[in-house]
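Q: the sequence isn't on hand, but the structure is:
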C-alpha cells in the first residue's frame, strides 16, 4: 500500500505521508436524506464492512528555509477502534527526525489531526514529539476546544493530551488568514470547526492547497451540501466547500485532500458543467 508520495510546488517540496486509515459509518458521512444516493452513486467509497475508510494524511513541507508539518494524524495512542498512527515510521522512511521539524500547524483540533503533537514521556505525561518545533494555531480554534466543558466530553481526552498539554510550549496564535512562511499561508475555511483552516502553498508561480477537513471525499465535488455529522456548522461548511471548489477549479491550484484516496493529489477541473478530480 502506497504510504509516501513526494511532490513539488515551485521551490517547495511536499512529502505526503499516510498516518493510518480510519472507518466512518455511512450514516455519519452524509445527511440522512443522502445516504441512499451515496450508496447508489458512489459504491466505490464503501468497503466490504459497509463503512467508508479514509486515509489520515500528514504533510511534511520543506521550504528553502523551514521544515513544516501540516497536521499530525492519529498519533501513538489508540483512538476509538482506529488503533495507532504511523507518522513516526513514515518520517523515518524519508530520513527525517522529529528534531528537524521547525513548525507544526494543525488545520483544526480533531483527534485525527493532532495526534502526534505529543507522545507520553517516561513519567506518563505528554511531551512534544517535535521538541524543537513552534506550534502555530488559530486563536478561534483554541478558544473553542479548550473550554472545560468541551474537554470533559466523552472521547475528548485527546484535547488535553495533544493540545492543552502544549499550552506552555512554544506556541503562537493567529487570527484568520495569515502568513506562516513566505510560501505558506493560513486560508480560512470555517464550518467543519469554527477555526478550521486550509494551508495555501505558493512558490515560483505554482499554487497548492492542503484542505484539511474542508472535504472528506470526492463525492462532495458534485454535492458540496453533503455535510457529515462531524461538521460543527453544516451549512457554513457546505458554503466553504462550494466556494473553495469553484476557486481552485478556475485558477489551476493543486488540491491536496488528506481524506480522499491516498495521495489525494491533483486538480479539480470542469467538464460539461461538472467538477471532476484529475489525479496528479
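A: That came through fine. Since this is a predicted model, take the numbers as computed values, not measurements.
Q: helices of this protein, residue ranges please.
A: Remark: helices assigned in the chain by DSSP state H are 26-29, 35-41, 87-93, 139-145, 148-151, 157-162, 234-251.
Q: now the ones you listed as TSV including distance to residue 211, mean neighbour count and mean pLDDT?
A: C-beta here means a position set from N, CA and C on the backbone, and glycine is covered the same way. As requested, those are arranged in TSV below (distance: least, C-beta to C-beta, whole Å; neighbours: other C-beta atoms under 10 Å; pLDDT from 0 to 100):
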stretch	distance to residue 211	mean neighbour count	mean pLDDT
helix 26-29	17	16	96
helix 35-41	20	14	96
helix 87-93	19	18	98
helix 139-145	16	17	97
helix 148-151	24	10	90
helix 157-162	21	20	95
helix 234-251	7	17	95
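Q: relative to residue 171, which of those helices is closest?
A: helix 139-145 (8.7 Å; C-beta to C-beta).
Q: quick one: the strands in the stretch 151-280 of the chain?
A: Using DSSP state E, counting those that start in this stretch, the strands of the stretch 151-280 of the chain run over residues 171-174, 184-188, 197-203, 206-210, 254-256, 265-271, 274-279.
Q: how distant is the longest strand anywhere in the chain from the center of its chain?
A: Using DSSP state E, we find that the single longest strand of the chain is strand 12-25. Here strand 12-25 is found 8 Å from its chain centre; the criterion is C-alpha atoms, centre = their mean, to the nearest Å.
Q: strands paired with that strand, and their directions?
A: For strand 12-25, the paired strands and their directions (DSSP bridges) are strand 4-9 (antiparallel), strand 51-62 (antiparallel).
Q: so where is the stretch 51-200 of the chain shaky, pLDDT-wise?
A: Within the stretch 51-200 of the chain, the set of residues satisfying pLDDT under 70 is empty.
Q: picking up where we left off before, got the strands of the stretch 151-280 of the chain as TSV, with mean neighbour count columns?
A: Below are the strands of the stretch 151-280 of the chain laid out as TSV (neighbours: other C-beta atoms under 10 Å):
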stretch	mean neighbour count
strand 171-174	14
strand 184-188	20
strand 197-203	23
strand 206-210	22
strand 254-256	24
strand 265-271	16
strand 274-279	14
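Q: out of these, the one nearest residue 119 is which?
A: The minimum distance between residue 119 and those falls on strand 171-174, with 17.1 Å, by C-beta to C-beta.
Q: which other helices and strands does the closest one contact?
A: strand 134-138, helix 139-145 (3 or more C-beta pairs under 8 Å, 6 or more residues apart in numbering; DSSP states H and E).
Q: hmm, try it at 6 Å
A: strand 134-138 (3 or more C-beta pairs under 6 Å, 6 or more residues apart in numbering; DSSP states H and E).
Q: tell me the helices and strands packed up against the strand it packs on.
A: Under the contact criterion of 3+ C-beta pairs under 6 Å, 6+ apart, strand 134-138 touches strand 103-105, strand 171-174.
Q: quick one: strands adjacent to the longest one?
A: It stands for strand 171-174. Taking DSSP bridges as the criterion, strand 171-174 forms sheet pairs with strand 134-138 (parallel).
Q: next, residue 231: phi, psi?
A: Main-chain torsions, residue 231, degrees, to the nearest 10: phi -80, psi 120.
Q: please disregard the earlier target; I meant residue 131.
A: With angles defined as degrees, to the nearest 10, residue 131 sits at phi -70, psi -20.
Q: neighbours of it, how many?
A: Neighbourhood size, residue 131 [other C-beta atoms under 10 Å]: 12.
Q: one more: residue 48?
A: 6.
Q: for the residue positioned nearest the centre of the chain, give me its contacts.
A: The centre of the chain sits closest to residue 212, judged by C-alpha atoms, centre = their mean, with a distance of 3.1 Å. By C-beta atoms under 6 Å, 6 or more residues apart in numbering, the residues touching residue 212 are 107, 198.
Q: let's have the chain start at 45 instead
A: Got it, first residue is 45 now, which makes that one residue 256.
Q: pLDDT score assigned to it?
A: Note on residue 256: pLDDT of 98.
Q: good, we can wrap up now.
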